[in-house]
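In: structure here, sequence nowhere to be found:
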């Protein structure tokens, strides 16, 4: 299946075009900064930081983080196709993918609880330190595993 | 630039960075974590200063600045070590050169904010729109740093002179 994927016209374009691969990588790092940047700031807020900023006022930023997630899902699929059978068997890549998958679900869960609390008017009283730490660790491992995929 | 790069090659730092095989991947990972902190803080600060996300108290966004500086510090340190570890490659690489110009522009833009806007920030409407000048500074920052990421990621793929 992965070999078939590598030989699709999209995969060949990413692999052979002079600019497609570097362009997708650039999009991927910009998306990374949006996703991990915003989510880590929200996690720091949930851990008790940034006095003077209401938790609820950070919620619209989470929608923006999902745009970054979309950028990386799209650019990530393009990058994956060009070396599908390599990535599919790379342990570090699979660790990265698992962290992103769990991280996305966790973000959705946290966002849901926070939106509900904000609607009820008590988002600032929500206790979510544990989930915030798990979220930070997941993105930390995802970045580390992603970078190591180029080396191992 | 090339003469400077040549003087580095073979020096103590060069030898140290190139002799530890796991140092480069570790520094790259730290560089990615640093850019996430730098951009994460700035996205909140600058999008608010550009007039978006008005639910956030604008003066309070500067509570995020320590993370921006921590991210910048991590990336300045690892970045200098990258350069010292492979000076001839970076010195002649136009991706790296454009990236450095954009870092300087972003720095001057931050200075502009510091000299002209920072002292008035606490009198701005906490949840209101921002001035035209504030919007310009905010957009230069957002676009400048996005450009830094873009050209930084192109370094391995563009001409080496």
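Out: On my side now, so go ahead. What you see is a predicted model, and the numbers here were worked out from it, not measured in a lab.
In: count the residues that sit near residue 147.
Out: I went with chain A, as the question did not name one. Neighbour count of residue A:147, defined by other C-beta atoms under 10 Å in any protein chain shown: 20. For the C-beta atoms, the positions are set from N, CA and C on the backbone; glycine is no exception.
In: if you could check chain B rather than the one you did, that'd help
Out: Residue B:147: 18 neighbours (other C-beta under 10 Å).
In: need the nearest residue in space to it, chain neighbours excluded.
Out: Leaving aside its sequence neighbours, residue B:147 sits nearest to residue B:102 (C-beta to C-beta, 6 or more residues apart in numbering or on different chains; 4.6 Å).
In: so how many other residues sit close to the one you found?
Out: 20.
In: test my guess that it contacts residue B:144.
Out: Yes: here residue B:102 reaches residue B:144: they are 5.3 Å apart, a contact under C-beta atoms under 8 Å.
In: residues from chain B in reach of chain A?
Out: B:25, B:28-29, B:32-33, B:35-44, B:47, B:53, B:55-57, B:59-61, B:63-64, B:67, B:146, B:149-150, B:152-154, B:156-158 (C-beta under 8 Å from any C-beta of the partner chain).
In: just to revisit the earlier point, next SSE downstream of the helix or strand where the residue nearest to residue B:147 lies?
Out: Residue B:102 is part of helix B:94-112 when elements are defined by DSSP states H and E. Where DSSP H and E defines the elements, the next helix or strand beyond helix B:94-112 is helix B:132-154.
In: angle of that next one against helix B:94-112?
Out: Computed with axes from the mean of the first three to the mean of the last three C-alpha atoms, to 10 degrees, the direction of helix B:132-154 lies at 160 degrees from that of helix B:94-112.
In: quick check: the residue of chain B nearest chain A.
Out: Closest residue of chain B to chain A, C-beta to the nearest C-beta: residue B:40 (2.7 Å).
In: so where is chain B shaky, pLDDT-wise?
Out: B:160-161 (pLDDT under 70).
In: pull out the buried positions in the longest helix anywhere in chain B.
Out: Determined from DSSP state H, the single longest helix within chain B is helix B:23-49. Neighbour counts over helix B:23-49 (16 or more other C-beta atoms under 10 Å in any protein chain shown) mark B:24, B:27-49 as buried.
In: what's the answer for stretch A:46-55, then?
Out: For stretch A:46-55, using 16+ other C-beta under 10 Å, the buried residues are A:46, A:50, A:53-55.
In: try stretch A:79-88
Out: A:79-84, A:87.
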